[in-house]
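Asks: what's the 3D shape of this:
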Amino acid sequence: MELYHGSNAHFTNFDLGFAKRGKDFGTGIYLTTDRIQAEKWAIKFGHGYLYTYFLDESILMDTDNFKILIFNDYTREWLDFICSCRLDFYEPDADIIYDRMADNTSKNLSKILRKYYDGDISANSALAQVKWNIAERNQYCFKTEHALSSLKRIREKEVWR
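Replies: This is a model prediction of the structure:
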């Protein structure tokens with residue numbers, strides 16, 4: 001399967017040292033099957049790079065060699081997990097985490113998660129506000145060098161807004 005990574009940085013190899021805390025699954029390198037979404041990440045500041053990688057999908061089932069977490073649905077468990085990673089800086093013990101992306105076009109996403117976390121809104125209310133109605137919106141978070149070694153770089157492309 002092809003995965004895409006958008007960045008304003010030009011690089012040859014991923015470096016977990018540049019990964020930021022407080023993301024959906026904590027510190028890691030995030031990729032998606034949605035090329036258009038990755039391009040949006042790349043041009044967020046006007047100019048960037050779209051990187052394309054190949055991942056052998058069988059790795060996602062290789063639980064003998066990789067610690068894999070998969071979230072297929074928008075559930076309370078998913079919501080609690082995202083809040084823990086974003087707001088408590090929880091770092092899950094996993095090599096690769098997959099899920100359907102929250103609706104990050106909403107400028108209020110962080111506010112909604114905070115309101116849920118603080119108990120100001122219910123899980124059902126938060127889930128209704130953050131879930132995508134588009135199935136293709138997904139993300140793969142590669143949290144370890146071991147996981148990153150499973151990616152094979154195919155190409156890079158410079159992109160502009």
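
Asks: for residue 143, see how far away residue 82 is.
Replies: Noted for residue 82: a distance of 15 Å to residue 143, by CB to CB, to the nearest Å. All C-beta atoms are positioned from the backbone trio N, CA, C, and that covers glycine.

Asks: and residue 84, what does it touch?
Replies: Counting by CB atoms under 8 Å, 6 or more residues apart in numbering, residue 84 makes contact with residue 90.

Asks: what's downstream of whichever strand or helix holds it, the next helix or strand?
Replies: According to DSSP states H and E, residue 84 maps onto helix 76-87. As assigned by DSSP H and E, the chain's next helix or strand after helix 76-87 is strand 96-100.

Asks: circling back: next, the buried residues of the helix holding residue 84.
Replies: 78-79, 81-86 (16 or more other CB atoms under 10 Å).

Asks: nearest to residue 25 among the residues you listed?
Replies: Nearest to residue 25, judged by CB to CB, of these is residue 85 at 5.4 Å.

Asks: nearest spatial neighbour of the closest one, chain-adjacent residues omitted?
Replies: Leaving aside its chain neighbours, residue 85 sits nearest to residue 26 (4.5 Å; criterion: CB to CB, 6 or more residues apart in numbering).

Asks: contacts only, for the one you found.
Replies: Taking CB under 8 Å, 6+ apart, one finds 85, 89-92, 141, 143 in contact with residue 26.

Asks: same deal with residue 65?
Replies: residue 59.

Asks: quick check: phi and psi at the residue of the chain positioned farthest from its centre.
Replies: The centre of the chain is farthest from one residue, residue 120, which by CA atoms, centre = their mean lies 25.8 Å away. Phi and psi for residue 120, reported as degrees, to the nearest 10, are phi -80, psi -20.

Asks: distance check, it against residue 19.
Replies: Here residue 120 is placed at a distance of 30 Å from residue 19 (CB to CB).
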